[in-house]
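In: Sharing a sequence plus its predicted fold:
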Number of protein chains: 2
Amino acid sequence: MKQITLTLDEAYDLAYRVLRHSGFSELHAAAVARNTVNGERDGCASHGLYRIPGCVRTLRAGKVSPDALPTLQDSAPAVVKVDAAGAFSLLAWEKALPLLVEKTQQGGIAALAINRCVHFSALWADIEPLTEQGLVALACTPSHAWVAPAGGTTPLFGTNPLAFGWPRPGKAPFIFDMATSAAARGEIDLHRRAGKSVPPGWGLDSEGRETTDPARILEGAMLPFGGHKGSALAAMVELIAGPLIGDMTSQESLDFDAGAGGLPYGGELIIAMDPRRFLGDEADTHLARSETLFSAMTAQGARIPGERRHRERARSEVEGVTIPAALYQEIVALG
Amino acid sequence: MKQITLTLDEAYDLAYRVLRHSGFSELHAAAVARNTVNGERDGCASHGLYRIPGCVRTLRAGKVSPDALPTLQDSAPAVVKVDAAGAFSLLAWEKALPLLVEKTQQGGIAALAINRCVHFSALWADIEPLTEQGLVALACTPSHAWVAPAGGTTPLFGTNPLAFGWPRPGKAPFIFDMATSAAARGEIDLHRRAGKSVPPGWGLDSEGRETTDPARILEGAMLPFGGHKGSALAAMVELIAGPLIGDMTSQESLDFDAGAGGLPYGGELIIAMDPRRFLGDEADTHLARSETLFSAMTAQGARIPGERRHRERARSEVEGVTIPAALYQEIVALG
């Protein structure tokens, strides 16, 4: 497979140009370009430049606002809401971040609901700024109904990612960001594009039979990771980032899309906690104890979630990012 | 295997008598008897009467207080702490519940840290009273270092259960309570007692090799469920119910036990959210949408977590509970 290498600036300029040409406002084009280049930079191809065509397709289908500005609502002492008004989640998140941090520092724990947003971005990018302020954070969002519950055969849940971050002063934060499906939908689609089969356990065909053919899974049903436990977590994400925040379930999002092939539309829930409000002056002592846990993981060969991302980041800043030539041409053709 | 059937009152009286005889105060004996009989009643043998000998063993080893009373601390606008002072978690939880509910209703979200508690009980029992008040809740706790992280071979994490509850007015709440290990340690021990091997993927022997022999796993390392994703969740539980609340990791708990064979000692974190503070007058409308999700699960044969427990509860209230005769004799011999 032919590949193209771009510097981070070149990648950003390409993404920004294509998004602007497609009709996104300066603010939204910049936010999406930054987010997708950051994904590519951090070695996360399924949330990298690969997302640009989907963003453009969603706009052309009339399923995302190109220019809506978010509205902030201080809805309870420990709850912030931000209405993305049908645009991507990124500007809404930026707008709400300072108030979420303030409420977390005041109360010890606080929640942010991002509502009416179109969602394509990786959750670790929403978690990272919270860990940089010394906060612990959780985030989740439904998607489209693509995943069958354990014991079922028909799509109902989204890939419903769940992300968690823990601050590590002076070090890259501990951050995991995982689909509650066995694989991310982007991963399955990347296999299809590459003409590869997927590992067993990733999904079912439209008759509800297990298959390793990515195209059949995309038409059938994905499976949750870890059997009924992953399925339970996927249901939790549906509930707390759907009805709890007055927003859509994955099924409702897919119904709203009505076959347009647009990105998921709905809400995202972020919960932040301030170790200083839990621990007072002892916060540093206890955060240091978490480093003992991380050292013990590393010592036996287990990975610290997020470390690979930061290694890739350092490398990309020097060497740029390398993407398939076909993807590059697809993006260029949009601009 | 011979079995004994007891009414719920008989089971309670037996547990209470044995616990009192062993030295627990009236309040603690009643709380433990109630909790374990409730577990047995709800069809959860691994958190049922099977726990009584472990509670007594922990007391004999000097690893749990028989009579300490909990102390409540209102530590931040959205954070409650309760110090169990080395006793079981149950009385501390009862004491803290009203203030946690009040803070959740005021702020929209609040957290409770139960500190310095010995923990043996199922988390769903802590979640249920919150859902009964119309709240959404999450709970987790480390245990002893029994589980190897994904990619490792040596015990480091606890079985680290994670529980979640969602209120369903007029119905049994949606509650899952799952070990982030492939199986609960009690499950593995019940297999050992029954002379059965366990399914593949539950654990490693002390050389780090996969095995299905429960005794070898108990001496070696259990495995997380769902590979690196379950492992990441286990690490999250270590962090947020350990250092974040100023309490022990599973490794520290095991070190503190120093081979006495006592129950895990440390903290539990509970997070509660009030749909009414997120949604205002629209709360009922949105909670009704969650029922659409549950109906769609049931329609395709997927289970609603917690439903089985409530079916078993209804049955046990009529028919009593049936336990192995060997366990019955073991408990009777303690009293």
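Out: Looks like it arrived, so ask away.
In: Just give the nearest non-adjacent residue to residue A:111, would you?
Out: Closest residue in space to residue A:111, ignoring its immediate chain neighbours: residue B:109 at 4.6 Å, by Cβ to Cβ, 6 or more residues apart in numbering or on different chains. Just so you know, the C-beta spots here come from the backbone N, C-alpha and C atoms, and that holds for glycine as well.
In: just the angle between the longest helix that chain A contains and helix B:89-107, please?
Out: Identified as the longest helix of chain A according to DSSP state H is helix A:89-107. Between helix A:89-107 and helix B:89-107, the angle comes out at 120 degrees (axes from the mean of the first three to the mean of the last three Cα atoms, to 10 degrees).
In: I'd like to check which residues are in contact with the residue nearest to residue A:111.
Out: Going by Cβ atoms under 8 Å, 6 or more residues apart in numbering or on different chains, residue B:109 touches A:78, A:79, A:109, A:110, A:111, A:271, B:78, B:271, B:272, B:273, B:274, B:277.
In: Kindly report the same for residue A:222.
Out: Counting by Cβ under 8 Å, 6+ apart, residue A:222 touches A:146-148, A:155, A:159, A:181-183, A:185, A:188, A:202-204.
In: run the last query once more with 7 Å
Out: Residues in contact with residue A:222, defined by Cβ atoms under 7 Å, 6 or more residues apart in numbering or on different chains, are A:146, A:147, A:159, A:181, A:182, A:185, A:202, A:203.
In: do residue A:230 as well
Out: Neighbouring residues of residue A:230 by Cβ under 7 Å, 6+ apart: A:180, A:224, B:226.
In: and the first one, how many neighbours does it have?
Out: In this case it means residue A:180. 27 (other Cβ atoms under 10 Å in any protein chain shown).
In: can you tell me how far it sits from residue B:136?
Out: For residue A:180, the distance to residue B:136 equals 17 Å [Cβ to Cβ, to the nearest Å].
In: Next: the second one.
Out: With distances defined as Cβ to Cβ, the gap from residue A:224 to residue B:136 amounts to 21 Å.
In: hey, where'd the strands end up in the stretch 151-300 of chain A?
Out: Counting by DSSP state E, counting those that start in this stretch, one finds strands in the stretch 151-300 of chain A at the ranges A:162-166, A:174-178, A:203-204, A:221-222, A:265-273.
In: With mean pLDDT and distance to residue A:59 as extra columns, can I get those strands in JSON lines?
Out: Formatted as JSON lines, the strands of the stretch 151-300 of chain A follow (pLDDT from 0 to 100; distance: least, Cβ to Cβ, whole Å):
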{"stretch": "strand A:162-166", "mean pLDDT": "98", "distance to residue A:59": "26"}
{"stretch": "strand A:174-178", "mean pLDDT": "97", "distance to residue A:59": "25"}
{"stretch": "strand A:203-204", "mean pLDDT": "97", "distance to residue A:59": "28"}
{"stretch": "strand A:221-222", "mean pLDDT": "98", "distance to residue A:59": "25"}
{"stretch": "strand A:265-273", "mean pLDDT": "97", "distance to residue A:59": "13"}
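In: So which of these is nearest residue B:85?
Out: Residue B:85 lies closest, by Cβ to Cβ, to one member of the strands of the stretch 151-300 of chain A: strand A:265-273, at 24.2 Å.
In: Does residue A:64 touch residue A:56 like I think?
Out: No - using Cβ atoms under 7 Å, residue A:64 is not in contact with residue A:56, being 9.7 Å away.
In: what about those two, which has more around it?
Out: Remark: of residue A:64 and residue A:56, residue A:64 carries more neighbours, 26 against 22, as counted by other Cβ under 10 Å.
In: how long is stretch A:234-253 end to end?
Out: Length of stretch A:234-253, first residue to last, Cα to Cα, to the nearest Å: 15 Å.
In: Return the residues in contact with residue A:25.
Out: Counted by Cβ under 7 Å, 6+ apart, residue A:25 has contacts A:66, A:67.
In: And it, its phi and psi?
Out: phi -60, psi 160 (degrees, to the nearest 10).
In: The one 10 residues further on now?
Out: Reported as degrees, to the nearest 10, the phi and psi values for residue A:35 are phi -70, psi -40.
In: same question, residue A:9
Out: Note on residue A:9: backbone dihedrals following degrees, to the nearest 10 are phi -70, psi -40.
In: Next one: it from residue A:242, what distance?
Out: 38 Å.
In: which one of the two has more residues nearby?
Out: Neighbours per residue (other Cβ under 10 Å) separate residue A:9 from residue A:242, with residue A:242 holding more: 29 against 10.
In: State the distance from that one to residue B:196.
Out: Computed with Cβ to Cβ, the distance linking residue A:242 and residue B:196 is 40 Å.
In: How about residue A:261?
Out: Going from residue A:261 to residue B:196 by Cβ to Cβ gives 50 Å.
In: just residue A:194 next, same as before
Out: 43 Å.
In: need the contact list for residue A:59.
Out: Contact analysis of residue A:59 by Cβ under 7 Å, 6+ apart lists A:22, A:23, A:24, A:66.
In: and with 10 Å instead?
Out: If you count contacts by Cβ atoms under 10 Å, 6 or more residues apart in numbering or on different chains, residue A:59 has them with A:19, A:22, A:23, A:24, A:28, A:65, A:66, A:88, A:118, A:262, A:263.
In: And for the first one, the neighbour number?
Out: So that's residue A:19. So residue A:19, with other Cβ under 10 Å, has 27 neighbours.
In: sec struct for it, please.
Out: Under DSSP: H, G, I helix; E, B strand; the rest coil, residue A:19 falls in the helix class.
In: rewinding a little: so for residue A:261 and residue B:196, which sits in the more crowded spot?
Out: Applying other Cβ under 10 Å to residue A:261 and residue B:196 shows that residue A:261 carries more neighbours, namely 13 against 10.
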